[in-house]
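> just the structure for this:
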Amino acid sequence: MSGIVGWTDYDRDLRDQGSVLRAMVGAQAGRGPDAESIWLDNHVALGHRGLAVFRDTNGKQPVSVQVDGRDATAVTGDGNIDNHDELRKELATRGHHFVGNTDAELVGRSYLEWGTEFAEHLQGHYAWAVWDCIQERLILLRDRMGVKPLYYTETPRGLVFGSEPKAIFTHPLVEPVIDADGLREALGFVNNPGNTGYRDLFEVPAGCLLLLYRQGLGQQRYWQLEAREHTDDVDTTIATVRRLLSRSVDRKLAADAPLGSLLSGGLDSSIVTALAAQRFDAEGREPLRSFSVDFAGYAENFAADELRDTPDTPFVRAAAEHLNVSHTDIVLSNNQVIDPLVRSQATRAFDFPAGGDMFTSLYLLVSALREHATVALCGESADEIFGGYAWFHNEAAWADTFPWLAAAISGPSFSGETLFDNTLLRQLDIATYQSDSYRAALAEVPHNGSADTTEQRMREINYLHLTRLAPMLAHRQDRMSAVHGVEMRLPICDPELVQYVFNTPWSMKTFDGREKSLLRAATSDLIPESIANRVKSPYPATQDPNYERALQGQFDALLTDGTSPVLSLLDIDKAKALPHPDSAGSGASHRREIEIVLSLHDWLATSGARLALDR
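Residues are numbered from 1 along each chain as shown. Next up, the predicted model:
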């Protein structure tokens, strides 16, 4: 993991702009606590913050790759090239001579060999910037699944880019502005590709590269989900899933720095941890370190709800014992989870509203994990790939919207709309924004010609999750870990595995009548039976009643202080009339609404963004 930044301007010499670049890389210092470097040329400035994961030879970035003693490309990047060794050997046979052993040099030489088609040769999760010194053009490249972030904004004669928005907003030419579309993105929970919540700031879409020339900016897609005929039977499909998953975990174990794994006691993290522990054992290494998050008193006072039937603790212990890992429970107190400073720090790391204790607890988990490991594996994306969520399997899948919006967690309280000013709500028209986003997403789905209505619909549902929800959750993992100098790796989110499972019929994905049938069948020999048969349980959320009381207290303080910019968005009378958790007849919990408002407050405060709303 690293942090990258850059600035191109065809009308000025940037060789004297080192102070600007250093400020930009410094804004995302967590991504690279071990090294900092910049590279300046006439019309381009590149910067890098590095995390020491490998003992590289001549490993400082940005790297300039020379041809005939002259700089041909300059490269900086975030992430890892999984097929480094194979690609290096192929380039060597084509006459390339390597100076060091870095991914950056490999990417630069790949570009020199294949031009913009070099993207098709790279495998892994990454974001790369390549400056072509000869043609004076910039190439920004993002991995196939959009795991690694990469943002940019255009300027009159170039652009500014970075791994995180905060780095871009450090640039003197760029101002953070949140307009109506930004609020729609923040409250709509649809995650339109490329959108960020900030005006004129965009993400390089997953599987795409941007090309900046003097004449302007262009975009090319080098990878996307495709419709392919699935001819394998169930047994072959199960074996293929196991092979692809095992290979991906093996590749994600490459590191010289201490490595661990998140272990929640659920199916996904247990599988990843099992495969990693198996490899550690085969290589005669010390037992794999694993980590879980828990709340003080959570298991003892657990109450089942519509999302969680059981606490994680017993399953974590069963998995840790079965897998023979060195396990650490990160136990959080209510005071830690509700601390407004922690929530503000999590929001600052996310550059977007980080609503709820699931963000703050993940932030605290990784902070504690950093004392033991620099790299961590997690089971993210399995539910999106294999159909793990409940709404894949109930009436929400057939609703005329994104299924996660149609499920029980949706409604006005989910987006906090009950507390907002009615004039603002009419202006935002969140429902239409969600509907338009849904229609646009459906129009992208690659169909395979099946006449089966269920197969067609489940293909759509799978696509929506892979292109909208999975990148959103990958962002959360990346930003909550990067701020602490931890590289989080997502082995299940492997493009070849994703493409293969995407084209597997829904009837095969649920062949035994359960969610994630293929994943369970492919890995049941690795984990305890209790976990293999466990019903999907989301990331834990605190059930301590003091959490909601403290949340209400912070909300009341926000209203009383009267200085927060978020107050201009609210109906103050409705906000003040909100029943307190302990009041008689308070009815349903208003936890979600308050979390959203406080998170919006933190977003505006930590980003320094200007609200630009025509009202």
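> name the helices or strands packed onto the longest strand along the chain?
If you go by DSSP state E, the chain has its longest strand at strand 70-81. On a contact count with 3 or more Cβ pairs under 8 Å, 6 or more residues apart in numbering; DSSP states H and E, strand 70-81 meets strand 2-9, strand 44-50, strand 63-67, helix 103-114, strand 124-132. From N, CA and C alone the C-beta is placed, and that goes for glycine too.
> which element is Ala254 on?
According to DSSP states H and E, Ala254 maps onto no helix or strand at all.
> so it touches Asn80, yeah?
Yes. Counting by Cβ atoms under 8 Å, Asn80 is a contact partner of Ala254 at 7.0 Å.
> which one's more surrounded, the two?
Taking other Cβ atoms under 10 Å, Ala254 and Asn80 do not tie; Asn80 has more neighbours (23 against 17).
> for the more buried one, which non-adjacent residue is closest in space?
Gly124 (5.1 Å; Cβ to Cβ, 6 or more residues apart in numbering).
> same deal with Thr523?
Thr523's closest residue in space is Ile271 (Cβ to Cβ, 6+ apart), at 4.7 Å.
> who touches the helix or strand hosting that neighbour?
Taking DSSP H and E as the criterion, Ile271 maps to helix 267-282. Residues from elsewhere that reach helix 267-282 (Cβ atoms under 8 Å, 6 or more residues apart in numbering): 245-246, 249-250, 253, 259, 261-264, 286-288, 290, 315, 319, 323-325, 377-380, 382-383, 388, 491-492, 516, 519-520, 523, 526-528, 531-532, 534, 536.
> list only buried entries from those residues.
245-246, 249, 253, 259, 261-264, 288, 290, 315, 319, 323, 325, 377-380, 382-383, 388, 491-492, 516, 519-520, 523, 526-528, 531-532, 534, 536 (16 or more other Cβ atoms under 10 Å).
> and the residues you listed, which of them are in helices?
Taking DSSP state H as the definition of helices, the buried ones among the contacts of helix 267-282 contribute 245-246, 249, 315, 319, 323, 382-383, 519-520, 523, 531-532.
> circling back: CA-only coordinates of the helix holding Ile271, as CSV, when you get a sec.
What follows is helix 267-282, C-alpha atoms only, in CSV (Å, rounded to 0.1, in the frame of the first residue of the first chain):
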residue,chain,number,x,y,z
LEU,A,267,-17.7,-18.0,6.6
ASP,A,268,-15.7,-15.6,4.5
SER,A,269,-13.0,-14.5,6.9
SER,A,270,-12.6,-18.1,8.2
ILE,A,271,-12.0,-19.4,4.7
VAL,A,272,-9.4,-16.8,4.0
THR,A,273,-7.7,-17.3,7.3
ALA,A,274,-7.8,-21.1,6.9
LEU,A,275,-6.1,-21.0,3.4
ALA,A,276,-3.5,-18.5,4.7
ALA,A,277,-2.8,-20.6,7.8
GLN,A,278,-2.5,-23.7,5.7
ARG,A,279,0.2,-22.0,3.6
PHE,A,280,2.0,-20.8,6.6
ASP,A,281,2.1,-24.3,8.0
ALA,A,282,3.3,-25.8,4.8
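> Asn42: neighbouring residues, count only.
Neighbour count for Asn42, taken as other Cβ under 10 Å: 13.
> for this structure, which helix or strand comes out least confident on mean pLDDT?
helix 412-415 (a mean of 58; mean pLDDT, DSSP states H and E).
> quick check: mean pLDDT across the helix or strand following that helix?
Going down the chain from helix 412-415, the next helix or strand is helix 422-428, by DSSP H and E. When pLDDT is averaged over helix 422-428, the result is 95.
> which residues touch helix 422-428?
Outside helix 422-428, the residues that touch it by Cβ under 8 Å, 6+ apart are Ala180, Leu183, Arg184, Leu187, Glu417, Leu569, Asp571, Leu613, Asp614, Arg615.
> buried residues of it, list them for me.
Those would be Leu424, Leu425, Leu428, for helix 422-428 by 16+ other Cβ under 10 Å.
> could you dump these to CSV with distance to Gly162?
Shown next, in CSV, are the buried residues of helix 422-428 (distance: Cβ to Cβ, whole Å):
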residue, distance to Gly162
Leu424, 30
Leu425, 33
Leu428, 28
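> CA atoms only: put stretch 44-55 into PDB for me.
Extracted in PDB, the C-alpha atoms of stretch 44-55 (Å, rounded to 0.1, in the frame of the first residue of the first chain):
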ATOM      1  CA  VAL A  44       4.600  17.000 -14.500                       C
ATOM      2  CA  ALA A  45       5.100  16.500 -10.800                       C
ATOM      3  CA  LEU A  46       4.700  13.100  -9.100                       C
ATOM      4  CA  GLY A  47       4.800  12.200  -5.500                       C
ATOM      5  CA  HIS A  48       4.700   9.000  -3.400                       C
ATOM      6  CA  ARG A  49       4.400   7.900   0.200                       C
ATOM      7  CA  GLY A  50       5.600   4.300   0.700                       C
ATOM      8  CA  LEU A  51       4.800   1.500   3.200                       C
ATOM      9  CA  ALA A  52       7.700  -1.000   3.700                       C
ATOM     10  CA  VAL A  53       6.000  -4.300   2.700                       C
ATOM     11  CA  PHE A  54       8.900  -5.700   0.600                       C
ATOM     12  CA  ARG A  55      12.600  -5.400   0.800                       C
END
